[in-house]
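> give me the fold of what follows.
(chains A and B)
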Amino acid sequence: MRIFTIILLLFGFNQLMYSQDQNSTINLSFSNINRIEVLKKIEASTHYTFYFQEDWFDKNVLISGNYSNKTIQEVLTKVFEDTELNFYIDARKIILTKNSIIYDKYQSKNTKGTATHNAPVFFQQYDSIKKDKTNTENAIALIGKEAVDSDIDLYTLSGYIRDLKDDKPLADINVKVKNTSISTITNAAGFYSLKLPTGISTIEIESLFYKSTSRKIMIYSNGTLDFTTTEKINQLDEVLVKGKGSQNVRTAITGVTTIEAEGVKTIPLVLGERDILKIALTIPGVKTAGEGSSGFNVRGGKEDQNLVLLDNATLYNPTHLFGFFSSINPYTINKVDIYKGGIPSEYGGRLSSVFDIISKNGNTEKFSGEGGIGPVTSNLTASIPVVKGKASLLVGGRATYSDWILKTLDDENLKNSQASFYDLFAKYNHKINKSNSVEGTLYYSKDAYTITPDSLYKYSNRLISLKWKHAFNEKTNSEFNVTNSEYKFSINYESTNPDSFIFKYKIDDTQASLKFNTIYNSKHKFTYGLSTKLYKVNPGEISPNGESSLVTPINIDDEKGLESALFLSDKFEITEKLLLDVGARYSFYAALGEATQKVYQEGVPMTPSTVIEEKKYGKNEVINTSGGFEPRIGLRYIFDDSFFVKAGFDKNFQYIHLLSNNTTQAPTDTWKLSDLNVQPQSGLQYSLGLFKTLDYKDIELSLEGYYKTSKNILDYKVGANILLNQDLETELLQGEGKAYGVEFLLKKPYGRLNGWIGYTYSRSFIKLDSQFNDEKVNNGDYFPTNFDKPHDVSIVMHYKFTHRYSFSSNFVYQTGRPITYPIGKYTYNGAEYTLYSDRNKFRIPDYYRLDIGLNIEGNHKIKKLAHSFWNISIYNVLGRNNPYSIFFVTKEGQIKAYQTSIFGMPIPTITYNFKF
Amino acid sequence: MKKIFLYTLLAILFLASILGCTTPYAYQNNGFEDVVVIEATLTNEYKTQEVKISRTYSLEENFPQFESQAVVYITDNLGNKYEFDQNTASYTSITPFQALPDREYQLHILTKNGRTYESSIEKLTTPNQISSVVPTAVTKNGILGVEITVNSSDPTNTSKYYRYEYDETYKVVAPMWHPNEAIPAGNVVTLRKRTTEARTCYSNQKSEEILLTNTNNISEDIVSNFPIKFISSKDPIIKNRYSILVKQYVQSLTAHTYYETLKEISNNGNVLSQTQPGFLYGNIKSIDSPGEKVIGFFDVSSYSEKRLFFNFTDLFQGVLPPSYPYYCPAPIPDSDIAEYYFNNCYSTNPNSTCQGPTIVQLIESRIKVYYPTEGPLYILYPIECGDCTSFSSNIKPSFWID
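Model prediction:
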């Protein structure tokens, strides 16, 4: 605004002067100097003085020129070509103006206001517009350069719309001129172009997921105006989870869901911990084996078939405290994309799903923070600008104080118990310039707990991710990513008897990937690249704990493997209605030495007795390789505005397996790499989805179905014991999996009452058949997997009384999972044995739970120290004693069954969250 | 303050619920399956062959039920039929016979409920003799003891899979034995010369472990120093003379695999992980309903055995022999005098020190045994100290060599 004032003053001043003869000519030549230098040159050689602001010029733009006997007007017109500057010559002064022209004659307005050809644009026209000085959005942007003799009535305004956080171009944003019918939408590069009449217009951008923004502009000629906007995170108490809404329409991939971290805050959760991954479990098709299980089962797949990524680095154990909390601090997370159907070709290595967790970028403008105080944990996240507008650091931490509480207790048992965890997060992001930005993430989580007083379990995740984003041009950009992840656990068993031991396990992976996105034309958008990942596994070592321990140290040989992939996909818009997303991934795996691999006799069962050779492999020597093409095809057809259909076909390979005898995933489960005797898993999925939006209250309905088959799914022989087993492969079976299901979702994303109801009917089976009896389970027929739970209902509701008060509830029902029961005993060879039922023949009781919560937002005063948010919730209101596990113990010759349950009573919590 | 209290309370609730909530679970145990259990190992030893048939029993019961009235016979590919008769706890062949090489044997069982079971066809494995059983004094895991190992070899390189069992017999000598024994005579006891052997006995115990080894990954079919049993130098069973009979069964791969799995499911896993429960299939099938579960394996193995004797002093010099398995102090510590010294007299006077009826009762119920001492008092030791028949057998086994 100040510029205008100065100009106006100057203008008034100069009115008093008499203008000099401007027809005298000058001679001037210059080369490769910037415009200010040019002006200085003119000042030096003539009697003119220039008045301008230096920041109007880009000093890096160099120009050259050679003028002889030209008038000053002619020279300046040339010099200011391609700028938004105009000049006004007043005697010896030359006043430069940005955008506008200084008129020395009053021009009468056309009486008919239909078109204002040539009409000068006066400041008064917008002087009267109320301006909010604090909000730059309301400032008037001056576009283009006014031309005195312009006779065009419409100018082209174009520009890019980007996400403020990550500079990602935003497609399909509606751009319109207020109070007119002029509108357009951005293309995939975030580019838009509009024809505008001269003068003041208000340009509005609108999107379902991004904040609406408007700018008042003053257009003088063709010009550009870029917008940045942010996702609508502030309205998330209404939009809790979105099945990518209309974005779902735009992609051809089936089974995609996005969960936004902010959005989960009103959902009642155990002990008030906001938990983004727990919300994932309310989505049809995603199930957990029970409270306290760290794994997910996605569409009938095993726990190890999910790839959990945090900023592209693998997170091996995304949970704290046996799975009660996810190990990701919700305040540091932007969103989670869950791919349970079609997996984009850039991801690979797991059969069932990808949980792509993307962290927040710090605020580059001002210091801000968020925190929460709950009964079990507290956390704090702070965002610190490092280079204003360009770089910032986001740091977050969360810790329990349960240990401290336990120590203050009188109960001997609890006093000696331990259950604690913490996690730390740091992210630095730096936008170097328009086409380059870098990001770095560091993450560490640690858990320590005791189950029995003499054993201490510890586990930790550590990951590092570095990313460099580079845009080559408007059409092609790239991402280069290097990550490293480590997961390890240890068991410290200390007792008075001589079996005290320390057991350790570790897996480490390092990945480098390079990805390109190219918008080839309006019909083809390509994503392609390559990645390679090196795994190192220490499958276990046991050592005596203390001097009196007689445990023999065992160290199982390390495993090493290299998984690489090339990927390419094309979003091919065949017609406006038909979109094809066709991609493929070629993955290649090599098991590497140093290793000793056992060779087993062909045609007989693989047992320690059928080893015929032990092959030794040198360091980095290739043991064996495997790999193959993984087609990923998605198709979308839009019938009309409210109804569309998707279909998909996907294939995946998986080279890493989780070994777990426990029914549910535990922190002490170990990962094993494919090798000479363990084949990679592979899976096929066929999926079909119908999506319908009802006019009534914006209700969204979806019905998705899938059929999956998989091969080489790991299971265990009867009698298998997998930890510290030197002939592990002899305990393993690789069978065929089969899963199918129908997922129904009714969602009301907006309104006072919002939420969703999901129902899934699904089955999951495995077949372990062989010509050899000991490799056969349940007679070689298909039988239900550990996580086969046919019926699954989840209802999440949120009702807003006022802006400050809202009520939420969460109901879950699942069929009890299958279990193998002891059903009798028998005596053989003088010893007594337990007779077990067919594997997974019985089921534990059904699971259901209702949670309720009341959310109170702090007051809406603008000036306050921090924005606060209270959450009062009761977990398991019905007090249902849901069994977590059922186990059998032989006591005095009798087999007794016990059930452990977690939270078998209502648990009330109060959590206080604040934001500053 | 209130808030802290609340948080503490909640945290306790929380931790208590995750750390301590284990309750007995009344599960629907209507899944009991009555399954036939068949134990049959046919060997090349010429003897009365044995087949055991029992049934599974419910978790609340303690003993299996013997399956009676079954028709049991073994056939071979030459048309021979070896019939079995029911005995008290098993079925034995009516005439002794042995498995012969190159014959194909099959087990047939017809149970009283009319079900027919048949094994797969099995052939005798390579006959192979144990070459030696060796005791060696070793220190294992910090414990001095004797390791008994077995050696065997098969030049034809076809035996490969071995299973071992053993029978242990050891001499017991009662330390507080006396040639005289006390016998009740009214309200007191009198002494007389012992009429039966009660000083030296022979105890016997069978292996419970499944011992398996194979020579698959070595170039020659040699079982070399396979450990059968380790006995600590403090174990009373080797206090005197000890004997072990090592039995070797050369198995087929399928039989071996069956026993391997049986071995695995017999140990419940460890602190780290449980073993995978499930049903173990053998080589016996129901003819009427092929899906029926049948427990057991019909195993045709070549058999060999070897016996070993040793004395403690043969192996350990300058090592204190193991103590007697029962506490028999000599001399009796002063503090325990009241437990050991008894006055063999009878009186109705309540102030009298006579313990005649008590002695009679302790002797009659075989709790204590007489041992002489000076003076009028008797020493009564626990019976195991003076009479080995109380826990062992005084019959010298026919194989015993002193």
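> mind jotting down where the strands sit in the stretch 451-600 of chain A?
For the stretch 451-600 of chain A, strands defined by DSSP state E, counting those that start in this stretch occupy the ranges A:455-471, A:476-493, A:501-519, A:524-544, A:554-555, A:559-573, A:578-592, A:595-600.
> contacts for the shortest one, please.
With contact meaning C-beta atoms under 8 Å, 6 or more residues apart in numbering or on different chains, strand A:554-555 is reached by A:540-542, A:724, A:726. Every C-beta, even on glycine, is put in place using the N, C-alpha and C of the backbone.
> that strand pairs with which strands, parallel or anti?
Strand A:554-555 has the following sheet partners, assigned by DSSP bridges: strand A:524-544 (antiparallel).
> now the partner strand: buried residues?
By neighbour count on 16 or more other C-beta atoms under 10 Å in any protein chain shown, the buried set for strand A:524-544 is A:525-531, A:533-542, A:544.
> please apply the same query to stretch A:81-88.
By 16+ other C-beta under 10 Å, the buried positions in stretch A:81-88 come out as A:84-88.
> please apply the same query to stretch A:635-646.
By 16+ other C-beta under 10 Å, the buried positions in stretch A:635-646 come out as A:635-638, A:644, A:646.
> which single one of these is nearest to chain B?
A:Lys646 (39.6 Å; C-beta to the nearest C-beta).
> so A:Glu206 makes contact with A:Ser212?
Yes: with contacts counted by C-beta atoms under 8 Å, A:Glu206 reaches A:Ser212, the gap being 4.9 Å.
> dump the buried residues of stretch A:81-88 into CSV; add pLDDT and secondary structure as well.
Shown next, in CSV, are the buried residues of stretch A:81-88 (pLDDT from 0 to 100; DSSP: H, G, I helix; E, B strand; the rest coil):
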residue, pLDDT, secondary structure
A:Glu84, 73, coil
A:Leu85, 77, strand
A:Asn86, 77, strand
A:Phe87, 79, strand
A:Tyr88, 78, strand
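> the residue of chain A found nearest chain B: neighbour count?
Chain A approaches chain B most closely through A:Gly719 (3.0 Å), counting by C-beta to the nearest C-beta. By other C-beta atoms under 10 Å in any protein chain shown, the residues close to A:Gly719 number 21.
> A:Ser435 now?
The local packing of A:Ser435 (other C-beta under 10 Å) involves 13 other residues.
> which residues touch it?
When contacts are counted by C-beta under 8 Å, 6+ apart, A:Ser435 touches A:470-472, A:477.
> can you flag the buried ones in the residues you listed?
Buried, going by 16+ other C-beta under 10 Å: A:471, A:477, out of those.
> Serialize the contacts of A:Ser435 to JSON lines and add fields for distance to chain B and pLDDT.
What follows is these, written out as JSON lines (distance: C-beta to the nearest C-beta, whole Å; pLDDT from 0 to 100):
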{"residue": "A:His470", "distance to chain B": "47", "pLDDT": "94"}
{"residue": "A:Ala471", "distance to chain B": "49", "pLDDT": "92"}
{"residue": "A:Phe472", "distance to chain B": "52", "pLDDT": "92"}
{"residue": "A:Asn477", "distance to chain B": "47", "pLDDT": "93"}
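> give me the next element, helix or strand, following the helix or strand containing B:Glu83.
Using DSSP states H and E, B:Glu83 maps to strand B:81-86. The first helix or strand that comes after strand B:81-86 along the chain, using DSSP H and E, is strand B:91-93.
> strands paired with that following strand, and their directions?
Using DSSP bridges, strand B:91-93 pairs in its sheet with strand B:50-55 (antiparallel), strand B:81-86 (antiparallel).
> out of the buried residues of stretch A:635-646, which sit inside strands?
Judged by DSSP state E, these include A:635-638, A:644, A:646 as members of strands.
> would you list every one of the strands in the stretch 251-400 of chain A?
A:256-260, A:286-288, A:296-298, A:306-310, A:313-314, A:319-320, A:325-326, A:333-339, A:353-359, A:368-373, A:377-387, A:391-400.
> tabulate these (CSV), appending mean pLDDT, distance to B:Leu262 and mean neighbour count.
Listed next are the strands of the stretch 251-400 of chain A as CSV, based on pLDDT from 0 to 100; distance: least, C-beta to C-beta, whole Å; neighbours: other C-beta atoms under 10 Å in any protein chain shown:
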stretch, mean pLDDT, distance to B:Leu262, mean neighbour count
strand A:256-260, 77, 48, 22
strand A:286-288, 81, 35, 26
strand A:296-298, 87, 32, 28
strand A:306-310, 93, 36, 23
strand A:313-314, 94, 40, 24
strand A:319-320, 84, 37, 29
strand A:325-326, 80, 42, 28
strand A:333-339, 88, 45, 22
strand A:353-359, 92, 39, 23
strand A:368-373, 85, 54, 20
strand A:377-387, 89, 48, 18
strand A:391-400, 92, 45, 21
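> tabulate those strands (CSV), appending distance to chain B.
CSV is the format used below for the strands of the stretch 251-400 of chain A (distance: least, C-beta to the nearest C-beta, whole Å):
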stretch, distance to chain B
strand A:256-260, 25
strand A:286-288, 16
strand A:296-298, 19
strand A:306-310, 22
strand A:313-314, 24
strand A:319-320, 12
strand A:325-326, 11
strand A:333-339, 24
strand A:353-359, 25
strand A:368-373, 9
strand A:377-387, 10
strand A:391-400, 9
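> A:Val777 is nearest to which of the ones you listed?
strand A:296-298 (19.3 Å; C-beta to C-beta).
> partners of the closest one in the sheet?
Assessed with DSSP bridges, strand A:296-298 is paired to strand A:286-288 (antiparallel).
> list the contacts of the strand it pairs with.
Contacts with strand A:286-288, where a contact means C-beta under 8 Å, 6+ apart, come from A:280-281, A:295-298, A:323, A:338, A:340, A:353, A:760, A:787, A:789, A:792, A:814.
> coming back round to it: correct me, but the residue of chain A closest to chain B touches B:Leu280?
Yes: applying C-beta under 8 Å, one finds A:Gly719 in contact with B:Leu280, separated by 7.4 Å.
> break chain A down into its structural domains.
What automatic domain parsing lists as the domains of chain A is A:2-98, A:124-229, A:242-915.
> out of those, flag the one nearest B:Lys247.
domain A:242-915 (12.4 Å).
> figure out how far that closest one is from the centre of its chain.
From the chain centre to the centre of domain A:242-915 is a distance of 14 Å (C-alpha atoms, centre = their mean, to the nearest Å).
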